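K.L.:
Pasting a predicted model and its sequence here:
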Amino acid sequence: MNQILPGSQTVQLEKLTARPEGPLTKIDPYLASKLQKLGATRLALCYNCGTCTAICPLSKEKVEFPRTLIRYAILGAEEKLLASPALWLCYYCGECSDSCPRDAEPGEFMMAARRYAIEKYSIGRVASVFYNPVVSTVSLIAVTLVALLGILTMKGTPTFSPPNLQSLFSFQIIHDVGLWLGAIVALSVFANIAIMTKHVRFSANKELPLFARSKIWVSNLVSSVIRESLGQLDYLKCTNKNRYVAHMALFWGFIGLAIATSIDFIIGLGKIPLYPVPPQRVLGILSGLGLTAGAAYYFYKRLRRSERHAKSSHFTDWIFVTLMLLAGISGLLLTFSLYLTSALAAYSLYLIHLVIVFDLVAMAPFTKFAHALYRPLAIWLNQAAMSYNKLAARGPR
Amino acid sequence: MPKPVLVIGGGIAGIQAALDLADQGIKTYLVDRSPSIGGRMAQLDKTFPTLDCASCILTPKMVSVAKHENIELVTYAEVQEVTGSSGDFTVKVLKKPRYVEADKCLGCGECITKCPLSVPDEFNLGMGKRKVIYWPFPQAVPLIATIDAEHCLYFTKNVCKVCERFCPTEAINFKQKPETVQLNVASIIVATGFQLLDPTLMPTYGYGRYANVRTSLEFERLVSATGPTAGEIVRASDKKHPASIAFIQCVCSRDVRINPNCSAFCCTASVKQAVLAKEHIPDVDCTIFYMDLRAFGKGYQEFYDRARGEFGVEFVRGRPAKIEEVPGSKNLVVTYEDTYSGRLTNKEVEMVVLAVGVKMNPVQQFIDLPLDDDGYVKLAEPCLDPISTSVDGVFVAGVVAGAKDIPDSVTQASAAAMKASILAMGDHA
């Protein structure tokens, strides 16, 4: 049954009246206001012109953002939003916000949507705790107090010349706490990975089998995930290259510190001499410098609000960047005070450093830090789905 | 006797207002700053939605103005100062020297033929050339030659005077001086029209950098038989017909960074231009990129339907983010998201036409009219009196009161004529 409209446009009425295929999308009418609270304050101004998507250096065919995602948010299509790996492909260069004719800040929307996703992807929605300013502050203090009390109850008898961290309390305790913390964080990470995979796989790329096509998963892990995680080359497509340098310094600083710490951990902390300076300590100092410099750059930019991406900072941005910066500074100062045999400084810095690192690591899967997990995962899921679809389009062999 | 009325601006709105006033027996001054009346409409090829030839419906009105016994046409003149109040305004008008005696010039054009120097032609937006002694277009009213003193060899280098030698009626007078006249009028209609916004405010579209990116008004001159190419739509880079044209809407309109207003007529104007392109080059591929197609007037929706169905104009909902030029071919790659499918796409076309937004011509230099937040003249009562300004006795018609198309401008002009005539009649009504 066809109907001729004026201007001889033919419309198939069956098409207009047909029920959509597949499950219906559940609508959350409060989604937009939830995202507004997380920072997307100008979301409602969008009139869907698509300039943001077309100007974005990272948006590409079949992985279009931000406009599509803004549309989901305004319609309340929460599942569609959470199913979009595109959320994590954005590096927030701010070109979208600069060219938006409505000044609707699409870049800030992407940031807010990632905050929302971190909440929703976390096991037991634990992350919601850290995205409420009051509860978050209380929990941060609580976690800090737990760490502090834990350390203080294990007080030893510190020797003052030369300072010996071992004498403050046994490294065995640090070792055990570290292992427990690591195990809990790892479990949370695995749970969050599973939740995100479920969201992304079972809505956007439903056709991708999780186990059947292991070759696709493996080849994409190497070709895109590892490459993008280690090199972050997509970041270079943004106009401002300084941010790339800062992020790489921070990222590799963190990796370097993790390696140095692991080596110390395996050898046993007490058995490492000050002189001759062991190689892992050289690595640690260099990495610490990188991490501190990177974190300082981001801290400074947020303070100055001079660039698009740093114009509006959510409190979670401040907590993350501040903890990162303090961890770097306290770690470096601790090392220097040990070499200067300044005992009082060494012991107090040691306490501060332990507490901050504990805060940072314990909250990692539930705070902004989790982007380090979701970004590579999103790239992986997205790339695998793309190559699977390409393969499927070619037909059975 | 009713008191006279002044109409400032001789575009279609000013023409209509002047004719309606004069027909009521009211003495009307029509002042225009350019050598001829006609305004923007004279630059258009066809008008929507009827595809009437713009000149064919405008020129008779222009001639009526010139012949009307109650209209005193003051062209090539600037209003300098308005004093007084409603019912009794004193207006100072500066008549610029044409260096041609108006009562002697026959409009034969001999001087124009003989003039040795050509300069870029404003009427064709610099795409063509005109002589230094000229009229803006062949249907100019009044048909009196004007010397452009800024370029004339006599004024710049004290040589030439060829026009003087060849003029059969000795109308050329290099000694003419500017002249100030004072008018006493009961009421004033401001119909000073608009200018296009600067398309380089959208640098990503490359206007000025890419040869084949044109504004909608330039396209109008290209497609017009009286234009620089005699109606051939050609690319600036190679003078060939484009095989594909992209029309981009809302350039410098509906953009908070440049101009938040909608310019009202561009949507249907671009639909019209795409149809004209199809008529001129039958197999040309026309795509209109839009955010919302605001074809709001009588017959406009049907016109859009025809463009789509009958003429095969393609419509894409998406605001292009950037245009890049292909080095060799000088073709243009438009990057956009088709927001109906959500697909990010590139399209290579041979010509781009930017539907550039408008702003009113400034009036503050001669009349102290408060402006509204949108940058147009503030209306006394936008809903029930969208004709009166906040100054008693001063009325508006056309784009000076907000962007609008020709039918709406003419409607407002007639309304303004009525308002102005009430004051002019005074006790004589």
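P.N.:
In hand now; what should we look at?
K.L.:
show me where pLDDT drops low in the chain?
P.N.:
Let's take chain A. A:1-22, A:155, A:202-212, A:269-270, A:395-397 (pLDDT under 70).
K.L.:
was after chain B, sorry
P.N.:
Those would be B:427-429, if you go by pLDDT under 70 across chain B.
K.L.:
Would you tell me which helix is longest in it?
P.N.:
What stands out as the longest helix in chain B, according to DSSP state H, is helix B:406-425.
K.L.:
Look up the closest residue to residue A:324, ignoring the ones flanking it.
P.N.:
Nearest residue to residue A:324 in three dimensions, chain neighbours excluded: residue A:295, at 4.2 Å (Cβ to Cβ, 6 or more residues apart in numbering or on different chains). All C-beta spots, glycine's among them, are computed from the backbone N, C-alpha and C.
K.L.:
what does residue A:367 give?
P.N.:
The shortest distance from residue A:367 to any non-neighbouring residue, by Cβ to Cβ, 6+ apart, is to residue A:130 (5.1 Å).
K.L.:
What is the burial count for that neighbour?
P.N.:
Neighbour count for residue A:130, taken as other Cβ atoms under 10 Å in any protein chain shown: 25.
K.L.:
Hmm, residue A:366 and it touching each other?
P.N.:
Yes - taking contacts as Cβ atoms under 8 Å, residue A:130 lies within contact range of residue A:366: 5.2 Å.
K.L.:
re earlier: could I get the contacting residues of the residue nearest to residue A:367?
P.N.:
Residues counted as contacts of residue A:130 (Cβ atoms under 8 Å, 6 or more residues apart in numbering or on different chains) are A:136, A:139, A:316, A:319, A:363, A:366, A:367.
K.L.:
Return the distance of it relative to chain B.
P.N.:
Separation of residue A:130 from chain B (Cβ to the nearest Cβ, to the nearest Å): 32 Å.
K.L.:
what do you get for residue A:52?
P.N.:
8 Å.
K.L.:
What strand or helix carries that residue?
P.N.:
helix A:51-55 (DSSP states H and E).
K.L.:
Grab the CA positions of the helix or strand following that helix and hand them over as CSV.
P.N.:
With elements assigned by DSSP H and E, the helix or strand that comes after helix A:51-55 is helix A:67-75. Extracted in CSV, the C-alpha atoms of helix A:67-75 (Å, rounded to 0.1, in the frame of the first residue of the first chain):
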residue,chain,number,x,y,z
ARG,A,67,25.8,14.2,19.1
THR,A,68,24.3,10.7,19.1
LEU,A,69,25.1,10.3,22.7
ILE,A,70,23.6,13.7,23.6
ARG,A,71,20.5,12.6,21.8
TYR,A,72,20.3,9.4,23.9
ALA,A,73,20.8,11.4,27.1
ILE,A,74,18.0,13.9,26.2
LEU,A,75,15.6,11.0,25.2
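K.L.:
so residue A:272 makes contact with residue A:266?
P.N.:
No - in this structure, residue A:272 is not within contact of residue A:266 by Cβ under 8 Å, at 10.9 Å.
K.L.:
higher neighbour count, these two?
P.N.:
A direct count of neighbours by other Cβ under 10 Å for residue A:272 and residue A:266 places residue A:272 higher, at 12 against 8.
K.L.:
who's in contact with the helix or strand containing residue A:137?
P.N.:
In this assignment (DSSP H and E), residue A:137 forms part of helix A:133-153. With Cβ under 8 Å, 6+ apart as the test, helix A:133-153 has contacts from A:129-130, A:169, A:177, A:315-316, A:319, A:351, A:354-355, A:358-359, A:362-363.
K.L.:
in that helix, what's buried?
P.N.:
Buried residues in helix A:133-153, counting neighbours by 16 or more other Cβ atoms under 10 Å in any protein chain shown, are found at A:136, A:139, A:140, A:143, A:147, A:151.
K.L.:
picking that back up, okay, the residue nearest to residue A:367 and residue A:120: tell me how far apart.
P.N.:
Residue A:130 sits 13 Å away from residue A:120, going by Cβ to Cβ, to the nearest Å.
K.L.:
Can you give me the end-to-end span of stretch B:3-13?
P.N.:
Using Cα to Cα, to the nearest Å, one end of stretch B:3-13 lies 21 Å from the other.
K.L.:
Close to chain B: what parts of chain A are there?
P.N.:
A:5-9, A:47-55, A:59-62, A:64, A:67-68, A:99, A:101-103 (Cβ under 8 Å from any Cβ of the partner chain).
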